[in-house]
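Novice: Turn this into a structure:
(one chain, ligands or ions: 2)
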Amino acid sequence: MKVLKFGGTSVGSVEAIGKVAEILKKESGQEQLVVVVSAMSGVTNTLISISQKAAVRDASYESDLQALEEKHCTAFKKLTGNSNCFEISKLFVRLTEICRGVYLLRELTPRTSDYIQSCGERLSSYIISEHLKKEGLQVELFDSRKYLITHKKFGGANVLWQSTKAALQELKPQLAPISVFPGFIASTSDNETSTLGRGGSDYTAAVLANVLGASQLEIWTDVNGLMTADPRLVPSAHLLEHVSYEEALELSHFGAKVLYPPSIQPALDAEIPIWVKNTFDADGPSTLVTKEWDDDKQAICGISNIQDIALLNLSGASMVGIPSFSFRLFKALSEAKINVIMITQATSEHSICVGISKSDAQAALEAISEEFETEILLHKIDKPIVEEDLSVVALVGSHMKNQVGISGKMFNTLGRNGISVKAIAQGSSERNITAIIAKPDLKKALNTLHESFFLSESKKINLFVVGVGNVGKAFLSQVQRQQTMLAKEFRVDIQVVAVANSRKSHFDEDGIDLAQWEQLLDKGNDSTIEAFITQMTELNLRNSVFIDMTASKTIAEVYQELLEMSISVVTPNKIAATREMSKYLSLKYATKKYGSQFLFETNVAAGLPVISTMNDLFKSGDRIHAIHAVLSGTLNYLFNNYDGTKPFSNIVKDAKKLGLTEPDPRLDLSGEDVMRKLLILIRESGRKWEMDQIEQVSFLPEACEQAKDLEEFYALLDQNEGHFKAIYDDAKAEEAQLRVVASFKDGVAKVGLEKVQKSHPFYFLEGKDNIVLFHTDRYQEQPLVVKGAGAGAEVTASGIFADVLRIANQ
Ligand SMILES: NC(=O)C1=CN([C@@H]2O[C@H](COP(=O)(O)OP(=O)(O)OC[C@H]3O[C@@H](n4cnc5c(N)ncnc54)[C@H](OP(=O)(O)O)[C@@H]3O)[C@@H](O)[C@H]2O)C=CC1
Ligand SMILES: N[C@@H](CC=O)C(=O)O
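Specialist: Ligands and ions are numbered 1, 2, ... in the order given. Sure thing, here's the model as predicted:
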C-alpha cells in the first residue's frame, strides 16, 4: 500500500485535479492507494477570514461564503459532469448556519473555528473522489474524522495514537483500491471536529502511512522536491535527490516549506520512505527521504533560511549561576505562546539570547519585561533588548557530524563578505549550524555559502568598474572574451554589474552584456561617485570588487570606506598607494580587519609581476638591499624613438595615442609617475617612506614644468626642442642610451635621466619596456630581474584581470 498526499496547489483547480487523476490512474492497479487531500489552495485562508469577519459582525462574510460555494460547485460540475451540487450545497447550508451563529454571538471559539476550517478538506475530498469515480477508478471516500482521534485542544490538536490506531486497524480491511481521505481534519473522542494545525494534511498522510503499514509515502506538491536552498533567493540552488529524515526535518524547520516537519516523525518511526514529487511534472526528478546512510555523502545537504527573525537578549550580572533565570524566561515565553526558534547562551551565563519570529517580538518583550520586572527595577538584570530585521541562515547536513572545518568555512565565508554574525547555535547532533544575521545580508549570505559548500557551482565575482578609458575599455573586452571559458573551466563566473565614467553609470544586477556596455553607459544615469557607491552597497552582492581605472584622487579616496565594507579594490591608479604613509597603512589594516583585498599590481610596470615578486621576497624572509629600475614605459618609448628627426613633442603625442602615457602625460615627463612607482616598491619592501624622501632630477626645462595645461606644455616642449636634441646628441656621442632610472640603495632613493653604456643591463631595453633589478640577501651575485612591456592598455588590463582572479581564487 502507498499513501499519496496532494497539497493545496495540486488540487487548486480543475486542471490540477485532472493531473491528480492522471497520476492515480498510472499508480492504481499495482498497489492499494490511500489518497490524502488538502483543501483547494486559498480555501483555508478564506474560511478563516469568513469566520473572523462574522465574529466582528462584518456582513460581507456572506458574499464570501457564496463565492466559495460557487467556486466548489463550478469545479464539481466541470470535473464530474454532474450539474447537481446537492452535497456541496448541504455542507454550505450547515456552514452558513454556523457562521450566522458566530455573527450573532460575536464569538469565534477555537472549536467553532476548527469546524469551519474543516469544510475546506471535506469539500475537496468529496469533489476529487467523485471525479475519480467518473474517471472509472474504484474509489471510496472516508471521513478522516472517524479515524483520526485527537485531544480536545482545538486549533492544532495532538493525535491520540491508541484510539487512532484502533480505528484505522479496524478500517484497514474495508479500504478500497483507492481510498480518499480529507487531510488536516480529525475529531475528539466525543466526536467534535478538530484540526491538526497548518500543514496538517502531511501529518494525516504520515499517520495513515504509519498505522496502515504503507510501503511508501508520496507528498505531491508544486515543486520537484527539497532544494539545496530557496531558489527564489539562490538561483543556482538545485534539487536534492536523496536526504535523510533528519536532514529533511532540519531543512523543513528552517524555511523549506515543502514538508511539514511533524509529518516526518511518523514516517521516520516506521522507516517509511517519503518521496516528494511534483504534480505538474509527475515524471520529473524528485526527492527521496529515508533513514541515514553511510556512503560518502557531501557534508552539507542544504542551506535554509528564515527571513523575519528577532533576537531577544536578556543579560545582567545577577544571572550568573542562578538556574531559575532561564526557566522563568522560557516559561514566560511559553505562556505568551511564543515559539522559540533558536537559543544561545555563552558559558559566562551573563546573557541568554533567543531567536523568535519577528511577529512575536513585541509580545515577547512584554512577557519578559513583566516576568523580570522586579529584577529590572533592582538593576539585577538589564532591560531585555529586542533586535529586529534579522534572518536565520542554517547549514544542514547529517554528514557534517565529526567533520572538522565546516563551521570555520561557514564563518570565514560570511566574514569575507562583510556579513556580521549576531548569534550562533549548533546542537550536539551536529546536523545544523545556525547563524543569525542582518536581513539585508540574507541573499548575499545564502549565495556565498551555497557557492562555498556546493562545489559544482561556479563562484560569482561581481565587478563594479569605474573608469572606462584606454585601460578600462581593454579590461572589459578581455573580460568579455574570457567570461565563458573561466566559468566553464575554472568555475569563476565574472560578472560586470556596473560601469561608470566621470559622467554616467549603468548598473545591472544580473550582469551587463559586455557586447553592449558602451551603448548602455551612454544611455545610463547621470552619476557621481557617491551615488555609485550607494547603489553598489544597496545591491549588497557577494564577492563584490570595485575596480578603479581612473587617475582620479576623488575615486582613490573611497577605497577606505569600501575595504571597510569588505569590498575588495583593484586598481592601476597610483594615488592611494602613494598618499601619506598613515593612509596607506590604514588601507592595509582595513583589508586585514574586514577580510577584503586591496590589489594594485599594475601600479608598477603595468602587467609585469613586480609587486607580487617583491611581496613574495619580503614575506618569505628575503631582505631587499637595492632596487634599480626603469619604470616608465612612456619615457622609455620617448628615448627609444626620439632621434631629433621629429620634434620631441610629436613623440610624446604618439605615446599618448598608443595609450602608454598617463591620462596627463606631464606626470610621466616630470618624473612624478616614476617617483610614485619607486615609492610603492619601497613601501612594499616593508619600509615606511614618504614621497618627499625620493630625490629627483628632472630632465625637463623649468619652463615646461610650469605649463598650465597640456596644450601649453606641448607648445613649451616645441620651444625647447633644442634642449632635447642636445641631450640626445650628447648620449649619441658616447654611444649611450638615455634611460630614466629609479634606484633605491643604502637608504637613498633617486629618479633621474642617465646615459647607459652597452655593457649596462638597461641599454637593450626595447620600445615601452620596463626592467626591475632586485638585489637581495638571496640574489647577491646576480639580481632578480623582471622585464617586459611596462605600459599600454592591453598589458595593464591583463594585470588588473590577474588581480581580479587572485580575489576569485581566494
Ligand atoms: N596606460 C597605461 O599603460 C597604464 C595606466 N595605468 C593607470 O590606469 C589608469 C587609467 O588610465 P587610462 O585608461 O589610460 O586613462 P583614461 O584617461 O583613458 O581613462 C580614464 C577613465 O576614468 C574616468 N574618470 C576620470 N575621472 C573620473 C571620476 N571622477 N569618476 C568616474 N570616472 C572618472 C574617465 O571618464 P571620462 O571619459 O568621463 O573622463 C575615463 O573613463 C590611470 O590611473 C593610469 O595611471 C597604470 C599602468 C599603466
Ligand atoms: N605612464 C606610465 C603608464 C603606467 O603606469 C608609463 O608610461 O609607465
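Novice: Tell me who's in contact with the closest residue to ligand 2 within the stretch 601-750 of the chain.
Specialist: In the stretch 601-750 of the chain, no residue comes nearer to ligand 2 than Thr634, which is 3.1 Å away by Cβ to the nearest ligand atom. For every residue, glycine as well, the C-beta is placed using N, CA and C. By Cβ atoms under 8 Å, 6 or more residues apart in numbering, the contact set of Thr634 is 655, 660-662, 665, 668-669, 673, 768, 791.
Novice: hmm, 7 Å instead?
Specialist: 655, 660-661, 665, 668, 791 (Cβ atoms under 7 Å, 6 or more residues apart in numbering).
Novice: Apart from its neighbours in sequence, what residue is nearest it?
Specialist: Distances taken as Cβ to Cβ, 6 or more residues apart in numbering put Asp668 closest to Thr634, at 4.1 Å, once the chain neighbours are dropped.
Novice: about what we covered before: could you identify the most distant pair in the contacts of Thr634?
Specialist: Taking Cβ to Cβ, the two most distant members of these are Pro665 and Ala791; they sit 11.2 Å apart.
Novice: These two: which is more packed in?
Specialist: Ala791 (28 against 20; other Cβ atoms under 10 Å).
Novice: Hmm, the more buried one is touching Gly633, no?
Specialist: Yes: using Cβ atoms under 7 Å, Ala791 makes contact with Gly633 at a distance of 2.4 Å.
Novice: anything in contact with each of the two?
Specialist: Common neighbours of Ala791 and Gly633 (Cβ under 7 Å, 6+ apart) are 606, 660, 768.
Novice: Compute the number of surrounding residues for Asp643.
Specialist: 12.
Novice: Okay, and the residue of the stretch 251-400 of the chain found nearest ligand 1 sits in which element?
Specialist: Closest residue of the stretch 251-400 of the chain to ligand 1, Cβ to the nearest ligand atom: Asp389 (32.9 Å). According to DSSP states H and E, Asp389 maps onto strand 385-396.
Novice: got the buried residues for that strand?
Specialist: For strand 385-396, burial by neighbour count (16 or more other Cβ atoms under 10 Å) applies to 386-387, 390-396.
Novice: Stretch 708-715 too?
Specialist: Applying a neighbour-count criterion of 16+ other Cβ under 10 Å, one finds 713-714 buried in stretch 708-715.
Novice: just stretch 690-709 next, same as before
Specialist: 691, 694, 696, 698-700, 704, 707.
Novice: cool, stretch 182-190 as well?
Specialist: 182-188.
Novice: Any part of the strand or helix carrying the residue nearest to Thr634 near ligand 1?
Specialist: For Asp668, the element it lies in under DSSP H and E is helix 666-669. No: Helix 666-669 does not reach ligand 1 (Cβ under 6 Å from any ligand atom); its nearest approach is 7.8 Å.
Novice: after that helix, next one along is what?
Specialist: Downstream of helix 666-669 (by DSSP H and E), the next one is helix 672-684.
Novice: Quick one: mean pLDDT for that next one?
Specialist: In this model, helix 672-684 has a mean pLDDT of 97.
Novice: going forward, begin numbering at 11 instead of 1
Specialist: Happy to do that; since the first residue is 11 now, the last one works out to helix 682-694.
Novice: which other helices and strands contact that helix?
Specialist: helix 585-588, helix 621-629, strand 704-707, strand 747-755, strand 758-766 (3 or more Cβ pairs under 7 Å, 6 or more residues apart in numbering; DSSP states H and E).
Novice: which sections of the protein are below the confidence cut-off?
Specialist: For the chain, applying pLDDT under 70 flags the ranges 263-266, 304-307, 329-333, 357-359, 437-439, 465-467.
Novice: Domain boundaries for it, per the record?
Specialist: 12-232, 312-463, 469-605, 621-801 (automatic domain parsing).
Novice: And the third one, end to end?
Specialist: For domain 469-605, the separation between the terminal residues is 17 Å (Cα to Cα, to the nearest Å).
Novice: That one close to ligand 1?
Specialist: Yes: Domain 469-605 is in contact with ligand 1 by Cβ under 6 Å from any ligand atom, via 476-482, 510-513, 539, 559-562, 564-565, 582-584.
Novice: what about that domain and ligand 2, touching?
Specialist: No: Domain 469-605 stays clear of ligand 2 (Cβ under 6 Å from any ligand atom), getting no nearer than 6.8 Å.
Novice: The closest residue to ligand 2 within the stretch 661-810 of the chain: what's it in contact with?
Specialist: Residue nearest to ligand 2 within the stretch 661-810 of the chain: Ala801 (3.7 Å; Cβ to the nearest ligand atom). Counting by Cβ under 7 Å, 6+ apart, Ala801 makes contact with 616, 643-644, 670, 778.
Novice: And Ile577, by the same measure?
Specialist: 554, 556, 606.
Novice: Any chance of those in TSV with secondary structure as columns?
Specialist: Shown next, in TSV, are the contacts of Ile577 (DSSP: H, G, I helix; E, B strand; the rest coil):
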residue	secondary structure
Ser554	strand
Phe556	strand
Ser606	coil
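Novice: Among those residues, find me the one that's closest to ligand 2.
Specialist: Looking across these and measuring by Cβ to the nearest ligand atom, the closest to ligand 2 is Phe556, at 19.6 Å.
Novice: neighbours of the closest one, just the number please.
Specialist: 26.
Novice: Quick one: residues contacting it.
Specialist: Contacts of Phe556 (Cβ under 7 Å, 6+ apart): 474, 572, 577, 579.
Novice: Mind naming the longest strand for this protein?
Specialist: strand 312-325 (DSSP state E).
Novice: on contacts alone, who are the packing partners of the helix or strand following it?
Specialist: For strand 312-325, the following helix or strand on the C-terminal side (DSSP H and E) is helix 334-345. With contacts defined as 3+ Cβ pairs under 7 Å, 6+ apart, the packing partners of helix 334-345 are helix 371-381.
Novice: Now Thr601. Nearest residue, chain neighbours left out?
Specialist: Phe608 (5.1 Å).
Novice: Keeping just the C-alphas, turn stretch 485-502 into CSV.
Specialist: Only the C-alpha atoms of stretch 485-502 are listed here, as CSV (Å, rounded to 0.1, in the frame of the first residue of the first chain):
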residue,chain,number,x,y,z
PHE,A,485,39.8,45.3,-19.5
LEU,A,486,36.1,45.0,-20.3
SER,A,487,36.9,43.4,-23.7
GLN,A,488,39.3,41.0,-22.1
VAL,A,489,36.6,40.0,-19.5
GLN,A,490,34.1,39.6,-22.3
ARG,A,491,36.4,37.3,-24.2
GLN,A,492,37.2,35.1,-21.2
GLN,A,493,33.9,35.0,-19.3
THR,A,494,32.6,31.8,-20.7
MET,A,495,35.9,29.9,-20.5
LEU,A,496,36.5,31.0,-16.9
ALA,A,497,33.0,29.9,-15.9
LYS,A,498,33.4,26.5,-17.6
GLU,A,499,36.9,25.6,-17.0
PHE,A,500,37.7,27.4,-13.7
ARG,A,501,34.3,27.8,-12.2
VAL,A,502,34.7,31.5,-11.8
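Novice: now what about stretch 776-784, what contacts it?
Specialist: 615, 618, 620, 627, 634, 637-641, 643, 646-647, 650, 670, 771-772, 775, 793-802.
Novice: Out of the residues you listed, name the ones that lie in strands.
Specialist: When those are checked against strands (DSSP E), the matches are 634, 637-640, 794-799.
Novice: From the contacts of stretch 776-784, list the ones also adjacent to ligand 1.
Specialist: Among the contacts of stretch 776-784, the ones lying near ligand 1 by Cβ under 6 Å from any ligand atom are 670, 801-802.
Novice: from those, which is closest to ligand 1?
Specialist: Ala801 (3.6 Å).
Novice: circling back: what about the contacts of Phe556, which are in helices?
Specialist: Leu572 (DSSP state H).
Novice: Distance to Lys760 added to the contacts of Phe556, as CSV?
Specialist: Below are the contacts of Phe556 laid out as CSV (distance: Cβ to Cβ, whole Å):
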residue, distance to Lys760
Phe474, 38
Leu572, 35
Ile577, 37
Val579, 30
